[in-house]
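Asks: Predicted model, plus sequence, below.
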Amino acid sequence: MGWQALIVVRNNTEYNITVANASGEIANILPSQRYNYSMTDPTLAMTLKLWQQPNVFYLQGVLNISPETGVYIDRGNLPEDSQNIRLRADVNGTDYLQKTNGGSKVIEYNDFPNGATINLRYENGA
């Protein structure tokens, strides 16, 4: 069996989330919904755009997976006085919480040689 990953995105906000990669839009996730994405290529650049009005994005986060970056997650930037969305992640059992601007490498690439399970959960609240 080759490399395989499962990405689960949960939307616990009042915003819609558009998920996209280099090939284009993958899915729209309504509030209180989730989306599953399976992949076998160990390289991914995924954007997660939160919005209430089409094409007016409130927040744009990223998920990057590659041998160079490992698993890098960034919720996206908000004004310093309005940090009202947080992102919780579980990457192969490693927990990550982002409540302020600035993303992070969550695990190194050699920590998931056969694949990964990545759970992302956008939530209201700081």
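Replies: Yep, that arrived.

Asks: does residue 98 have beta-bridge partners, and which?
Replies: Counting by DSSP bridges, residue 98 is bridged to residue 87.

Asks: what are the ranges of the strands in this structure?
Replies: For the chain, applying DSSP state E gives strands covering 4-12, 16-21, 24-29, 34-39, 44-53, 56-66, 70-74, 85-91, 94-98, 104-107, 115-124.

Asks: Against which helices or strands is the helix or strand bottoming out on mean pLDDT in the chain packed?
Replies: Here the helix or strand of the chain ranked lowest by mean pLDDT, DSSP states H and E is strand 24-29, holding a mean of 87. Judged by 3 or more C-beta pairs under 8 Å, 6 or more residues apart in numbering; DSSP states H and E, strand 24-29 is in contact with strand 16-21, strand 34-39. From N, CA and C alone the C-beta is placed, and that goes for glycine too.

Asks: Make CSV out of the strands of the chain and add mean neighbour count.
Replies: Formatted as CSV, these follow (neighbours: other C-beta atoms under 10 Å):
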stretch, mean neighbour count
strand 4-12, 18
strand 16-21, 18
strand 24-29, 14
strand 34-39, 14
strand 44-53, 18
strand 56-66, 18
strand 70-74, 20
strand 85-91, 19
strand 94-98, 15
strand 104-107, 16
strand 115-124, 19
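
Asks: weakest of those in terms of mean pLDDT?
Replies: Lowest mean pLDDT within the strands of the chain: strand 24-29, at a mean of 87.
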